[in-house]
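>>> Here's my sequence, what's the structure:
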Amino acid sequence: MGSFDQKYWCPKDATGLTENEIYFTNQLNPSLYVKFDLSKETLQLLPDLQAIALREGAVRTSIIGWTTMPWALPANRGLGLYPQSDYIAIKAPTIDGTELWIVAKEQQSLFERSVGFGDKLSTPLLAMKAERFHEKYALHPWIDRPSKIFLDSHVTLEAGTGAVPVTSDYRADKIEPNEKSNQKIIDHLKADGHLAGQTEIQQSIPRCKRCRNPVIIRSPGLGTQLGMEAV
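Got it, this is the predicted structure:
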């Protein structure tokens with residue numbers, strides 16, 4: 001039985017790991033900006049955001065989650081937000097029509113450059129405190145289940161969008177942490193219209209000493225936030 005008190009989780013071996021059971025390697029990873037569409041129920045609970053979406057004729061309103069582990073997305077169960085940040089809605093013209101994308105205010109410049117907006121920052125249509133999204137729901141990019149939104153003090157603003165996809169520990173999700181799985185997920189996101197942008201990033205990656213595969217870094221208390229039990 002795994003424990004959410006352990007920081008690292010090996011999806012290949014389905015077990016929690018201690019610091020002594022991992023090692024690190026440097027590698028170039030995909031840096032993905034993934035659309036997590038807000039559910040209709042969530043938009044109804046955020047009437048100011050819903051009004052702007054209707055005014056702009058938005059075909060979707062999405063929190064943009066940032067991940068460097070595409071292979072973990074099939075097991076996604078939630079989105080962690082930086083508690084002290086404001087989150088802004090920006091207008092994004094796409095081939096499918098106008099969309100509203102939501103990111104942390106502090107990350108707007110980095111995000112827009114990364115996804116090809118150009119040098120001039122767009123004008124935010126709305127700014128909202130992170131707490132307004134707490135315990136509401138987005139939709140998994142392609143699986144028919146919700147992703148719970150919650151405030152997580154372990155989310156940082158050093159990179160990304162201020163929204164981090166949270167992964168379960170369940171082996172039933174059949175996570176395969178490898179480059180082939182990464183590309184399969186990326187292709188799926190592109191085909192489904194859920195990839196806002198893609199770059200690359202150099203990272204130090206924790207790996208399991210037993211199976212040599214990448215491991216997941218977890219936040220303390222994650223199981224409580226998502227109503228999960230480690231297995």
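>>> Find the residue closest to Asp13 in space, skipping its chain neighbours.
Cys211 (5.7 Å; C-beta to C-beta, 6 or more residues apart in numbering). Where you see a C-beta, it was placed from the backbone N, CA and C, and this is true even at glycine.
>>> residue contacts, that neighbour?
Cys211 sits next to 10, 12-13 when contact means C-beta atoms under 8 Å, 6 or more residues apart in numbering.
>>> now do Leu54
Contacts of Leu54 (C-beta under 8 Å, 6+ apart): none.
>>> closest to Lys190 among the contacts of Cys211?
Lys12 (26.1 Å; C-beta to C-beta).
>>> Pretty sure the closest one sits against Ile216.
No - in this structure, Lys12 is not within contact of Ile216 by C-beta atoms under 8 Å, at 10.5 Å.
>>> neighbour-wise, which of those two wins?
Using other C-beta atoms under 10 Å, the more surrounded residue of Lys12 and Ile216 is Ile216, with 22 against 17.
>>> Nearest residue to the more buried one in space, please, no chain neighbours.
Here the residue nearest Ile216, using C-beta to C-beta, 6+ apart, is Trp9, at 4.5 Å.
>>> Need phi/psi at that neighbour.
phi -130, psi 130 (degrees, to the nearest 10).
>>> Check Leu189 too.
Torsion angles, degrees, to the nearest 10, at Leu189: phi -60, psi -40.
>>> List the contacts of the nearest residue to it once chain neighbours are set aside.
Distances taken as C-beta to C-beta, 6+ apart place Leu195 nearest to Leu189, at 3.9 Å, with adjacent residues excluded. Neighbour list for Leu195: 32-35, 186, 189 [criterion: C-beta under 8 Å, 6+ apart].
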